[in-house]
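Asker: 3D, please:
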Amino acid sequence: MADGKRLVGHAGAVLLRRCVDRTGLTDALAKVLPSSTVAGWRDRAAVLVQLAGAIVLGAENLSEAEQLQLHQRPLFGFAASDSTARRTLAAPAPW
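Answerer: Predicted structure coming up:
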């Protein structure tokens with residue numbers, strides 16, 4: 001049922017994402033996190049930025065984060081699956 005609850009926070013999703021990109025956070029993360037040219041490899045920086053945005057919008061677990069990202073696909077592109085997010089979070093940090 002569409003009751004309109006919990007929608008106000010979604011209005012700022014675009015601004016939040018633009019702020020992250022303009023401040024260079026996404027690019028800075030991409031430079032320090034492992035990357036690959038293998039088909040199907042997800043950019044870990046993008047996954048982390050998407051997860052952070054989903055958390056800000058109210059996601060309480062990886063499944064909810066995936067669902068929020070799917071709803072915003074036209075704005076931000078393909079969502080990271082919950083298993084991709086889990087692997088990204090479980091990977092050792094380079095610092």
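
Asker: pLDDT wise, what is Gln50 at?
Answerer: Per-residue confidence (pLDDT) for Gln50: 87.

Asker: need the contact partners of the strand or helix carrying it.
Answerer: Using DSSP states H and E, Gln50 falls within helix 44-56. Helix 44-56 is contacted from outside by 9, 13, 16-17, 20, 25-27, 29-30, 33-35, 59, 62, 64-66, 68-69, 76, 79-80, 84-85, 88-89, 91, using CB atoms under 8 Å, 6 or more residues apart in numbering. Heads up, the C-betas are built off the backbone N, CA and C, glycines and all.

Asker: which secondary structure element of this structure has the lowest mean pLDDT?
Answerer: When each helix and strand of the chain is scored by mean pLDDT, DSSP states H and E, helix 73-76 comes last, with a mean of 74.

Asker: name the helices or strands packed onto it?
Answerer: helix 13-22 (3 or more CB pairs under 8 Å, 6 or more residues apart in numbering; DSSP states H and E).

Asker: what average pLDDT does the helix it packs on get?
Answerer: 85.

Asker: which residues does that helix contact?
Answerer: Residues from elsewhere that reach helix 13-22 (CB under 8 Å, 6+ apart): Thr26, Val49, Ala52, Gly53, Val56, Leu57, Gln72, Leu75, Phe76.
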